[in-house]
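In: got a sequence here, can you build the structure:
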Amino acid sequence: MTGPLPPPVSGERLAFDSAAGPLVAWVDGQGPPLLLVHSVNAAASAAEVRPLHDHYRATRTVVSIDLPGYGASDRSDRAYTPRLMTDAVLAAADLIAHRCGPAPIDALAVSLGCEFLARAAVERPASWRSLALVSPTGFRGTGRWHAEPGRTRAVPGLLRALRGPGDLWGGALFRALTRPGVIRYFLRRTWGAQAIDEDLWRYDLLTTRQPGAEFAPLTFLSAGLFSADIHTVYEALTQPVWMSHGTRGDFTDYRGKTIVQGRPNWRITVLDSGALPYFEDLAGFCRTYDGFLAALP
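Out: Have a look, this model is predicted:
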């Protein structure tokens, strides 16, 4: 499936420059701002948060960003790092402050996007009122990630091997990993079920066929977008945090959550779902999230 990339969500398309390069965000609704940050994988985009965007635009100013290397944002061949992604989240906060005023922001991120949101919240705590981390990375197994700031979990030499000498086969590898059946396979593993969201599958096909679509995902496959100090970051959060994760699919190992479990600013909910629970039970997910927000000062 090829063709021009349609908007992943409803609303106004805002293109803006930032320290992370040219970015695009989608804005809809009126009311207190809510920032939505998608995950990072081979086929990521703001389409991954579409149900939440559509739901909350009735009561809030919803901003859904395409992270660098994904969707309508800049996909140029450059170094994709946690620093770049965090700068994009901070730029989205600046965009919201310019549009809605300086009040602290509620933000929700998914999977690896949670690491970038958490780092942005530690670096600029006054910008954020609360954080919702859906199926966050960094809690798999019982290892501890307290390396010095700036280090990643990149496997040495893997990115070079994935791209090949002179970028000989990186594009071909990416196309093989994003064939329609392969994307469906990984979405089923994300859901932990055979039934997936077919609209998301179709959008994933389109977004992976855009120019430059392989560059950020190949860095992701090399583990270069995972932070080796992420436990230090999570432990440093001072805002109220709601973490949720499911019990089905590939993303169910959260033994590492003991590092934050019991902290007074963290609330953890386990859902009978896959890793994108709001696609399966939007009403139930939002009811729990709204309860968390209602309890904030």
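
In: wait, a helix at Ala109?
Out: No - read with DSSP: H, G, I helix; E, B strand; the rest coil, Ala109 is strand and lies in no helix.

In: touching, it and Leu117? I think so.
Out: Yes - in terms of Cβ atoms under 8 Å, Ala109 counts as a neighbour of Leu117; the distance is 4.0 Å. C-beta: built from backbone N, CA, C; applies to glycine.

In: shared neighbours of those two, anything?
Out: Common contacts of Ala109 and Leu117, defined by Cβ atoms under 8 Å, 6 or more residues apart in numbering, comprise 37, 131, 133.

In: who wins for most neighbours among those residues?
Out: Val37 (31 neighbours; other Cβ atoms under 10 Å).

In: now do that one against Ala88, distance only.
Out: To Ala88, Val37 is 9 Å away according to Cβ to Cβ, to the nearest Å.

In: any shared contact partners between these two?
Out: Common neighbours of Val37 and Ala88 (Cβ under 8 Å, 6+ apart) are 65, 67, 116.

In: now, those that are in helices?
Out: Among these, the ones falling in helices (DSSP state H) are Phe116.

In: quick one: which of the shared contacts of Val37 and Ala88 is nearest Leu23?
Out: Leu23 has its nearest neighbour among the shared contacts of Val37 and Ala88 in Ile65, at 6.6 Å by Cβ to Cβ.

In: what's the separation between that closest one and Thr219?
Out: 18 Å.

In: which residues in the stretch 1-150 of the chain form strands?
Out: 12-16, 23-28, 33-37, 61-66, 105-110, 128-134 (DSSP state E, counting those that start in this stretch).

In: looking at those, spot the one closest to Glu198.
Out: With Cβ to Cβ as the yardstick, what comes closest out of the strands of the stretch 1-150 of the chain is strand 105-110 (19.1 Å).

In: on that earlier part again, closest to Ala236 out of the strands of the stretch 1-150 of the chain?
Out: Short answer: strand 128-134, nearest of these by Cβ to Cβ, at 12.1 Å.

In: tell me the angle the closest one makes with strand 105-110.
Out: 20 degrees (axes from the mean of the first three to the mean of the last three Cα atoms, to 10 degrees).

In: so which residues make contact with stretch 116-124?
Out: 37, 67, 82, 85-86, 88-90, 93, 107, 109, 127-128, 131, 133, 136, 227, 230, 233-234, 236-237, 239.

In: need the strands of the stretch 1-150 of the chain in JSON lines (columns: mean pLDDT and distance to Ile183).
Out: Output for these, formatted as JSON lines (pLDDT from 0 to 100; distance: least, Cβ to Cβ, whole Å):
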{"stretch": "strand 12-16", "mean pLDDT": "97", "distance to Ile183": "25"}
{"stretch": "strand 23-28", "mean pLDDT": "98", "distance to Ile183": "22"}
{"stretch": "strand 33-37", "mean pLDDT": "98", "distance to Ile183": "21"}
{"stretch": "strand 61-66", "mean pLDDT": "98", "distance to Ile183": "18"}
{"stretch": "strand 105-110", "mean pLDDT": "98", "distance to Ile183": "17"}
{"stretch": "strand 128-134", "mean pLDDT": "98", "distance to Ile183": "20"}
